[in-house]
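K.L.:
give me a 3D structure for the following:
(one chain, ligands or ions: 2)
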Amino acid sequence: MIVTERVLEVPRSYPVVIGPGANDRLIDHLRRVGASSEIVAVTDENVWSHDYWDPLLEMMLAAGYHPLLHRTPAGEQAKTRDQLAAVHEKLALGGQGRAVTVLALGGGAVSDLAGFAAATWMRGVDFVILSTTLLSMVDASVGGKTAINIPQGKNLVGAFHQPRFVLADTDTLATLPPEEVRSGLGEVVKTAILGDPDLFERLEGLGGLDVADPALVEIVARCVRLKAEVVARDEREAGERRVLNLGHTLGHALEAVSGFAGLRHGEAVAIGIAFVARMAADLCRLDGAIVGRILALLEALDLPTEIPSDLDRDAMAEFIAVDKKVRDGEPIWVLPAELGRCVIEPVPGWRRYLADA
Ligand SMILES: NC(=O)c1ccc[n+]([C@@H]2O[C@H](COP(=O)([O-])OP(=O)(O)OC[C@H]3O[C@@H](n4cnc5c(N)ncnc54)[C@H](O)[C@@H]3O)[C@@H](O)[C@H]2O)c1
Ligand SMILES: [Zn+2]
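P.N.:
Numbering: from 1, shown residues only. Ligands and ions are numbered 1, 2, ... in the order given. This next block holds a predicted model:
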């Protein structure tokens, strides 16, 4: 089964093609958007080692495209100034002015780098994403945020730059390590809580997730649909888009304080969701029974729900207090109010909840 969701409004609307074998549609979609024949592709060492690139290369050569490949180190090491410069070098080499398309083959790290390179090359050239992680399929590939990291922090240098299309070939998830699948599931649970109670119930019914389960296509499609709706209403995060930060206020602090070593993004988000759910219940914002269901679902999916005991609460509080989602000196929390609805507000006693967690 292949599902195609549309993101954003015309004229910048773009399709997200989800399902097994979606990558086989690459040439059709390149032609449909009138992509230039010059292509600069970016992938990382892990994805490259799994042989997803060669068939794509053959397909493109046979169809008359001229792809040049840049390989980055895996993970966050892709999102550096040096790697950005290396992609720009490839664009200078392979591009003919603005007539070049940047193709990302990988997870969110690769598409964040490739998208930012595309946004900054000659003030913006075409960009397409072939997602190979669950997190990227349900989250990073939708919405047009691109960024690299600098020593002062993650994602600090970035731009909004929408892709022309996204292919989410679920066959590629077969080689994704289980901890990376879990990380993606953290974002899936987030999506369900903030806007899709049916998805929440469906996840409860599954008990766990096998990436070969045909149900996955529908799960990914629902996440894309919801993120697309939210992003279409608030492309530049002026207001409503902030609900997508459910679990992220604490999640980002956990990642920063753990040095991005111990916890994957979606795992940190899961802990962040559990934290705000408990806080919301304590503030009488959320029914205790729903908190129980949220915690049970996270656990059933093998996601963590407690802040690791060795992490410094004060350091986390400091990080939260200076994070970019602070308004008038107070961090803004996204609190679940019921399944499918969140409220966004400051919580004056948040430091106490964190100290006690
Ligand atoms: N732009 C956005 O809106 C947005 C949203 C969420 C996250 N992000 C960013 O995305 C990044 C996280 O994304 P991610 O979880 O996809 O991480 P990732 O791209 O680092 O991929 C995770 C790991 O899986 C490997 N991998 C990828 N696909 C594989 C496959 N099919 N088989 C085997 N291994 C594979 C990668 O090499 C890497 O080691 C972060 O940098 C985050 O800031 C961006
Ligand atoms: Zn996230």
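
K.L.:
poorly predicted segments of the stretch 51-200 of the chain, please.
P.N.:
Within the stretch 51-200 of the chain, the set of residues satisfying pLDDT under 70 comprises 95.

K.L.:
same thing but at 50, please
P.N.:
Residue ranges of the stretch 51-200 of the chain with pLDDT under 50: none are present.

K.L.:
which parts of it sit against ligand 1?
P.N.:
Taking Cβ under 6 Å from any ligand atom as the test, the list of the stretch 51-200 of the chain residues beside ligand 1 reads 74-76, 79, 106-110, 112, 132-133, 135-136, 139-140, 143, 145, 155, 172, 175-176, 180, 183. C-beta coordinates here come from the backbone N, C-alpha and C atoms, glycine included.

K.L.:
would you write a ChimeraX line that selects the buried entries of the residues you listed?
P.N.:
Typed into ChimeraX, the next command selects the buried ones out of these (criterion: 16 or more other Cβ atoms under 10 Å):
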select :74,75,76,79,106,107,108,109,110,112,132,133,135,136,139,140,143,145,155,172,176,180,183
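
K.L.:
for whatever residue of the stretch 201-350 of the chain ends up closest to ligand 1, give me phi and psi.
P.N.:
When scored by Cβ to the nearest ligand atom, the stretch 201-350 of the chain has residue 265 as its residue closest to ligand 1, at 5.4 Å. Geometry field for residue 265 lists phi and psi as phi -50, psi -50, criterion degrees, to the nearest 10.

K.L.:
report how many residues lie close to it.
P.N.:
Other residues within reach of residue 265, judged by other Cβ atoms under 10 Å, total 24.

K.L.:
could I get the pLDDT score of it?
P.N.:
Residue 265 is assigned 92 on the pLDDT scale.

K.L.:
with the one 4 residues further on instead?
P.N.:
Note for residue 269: predicted pLDDT of 97.

K.L.:
contact partners for it?
P.N.:
With contacts defined as Cβ atoms under 8 Å, 6 or more residues apart in numbering, the neighbours of residue 269 are 186, 187, 190, 247, 248, 251.

K.L.:
cool, residue 334 as well?
P.N.:
Neighbour list for residue 334: 194, 242, 243, 245, 246, 247, 248, 249, 276, 342, 343, 344 [criterion: Cβ under 8 Å, 6+ apart].
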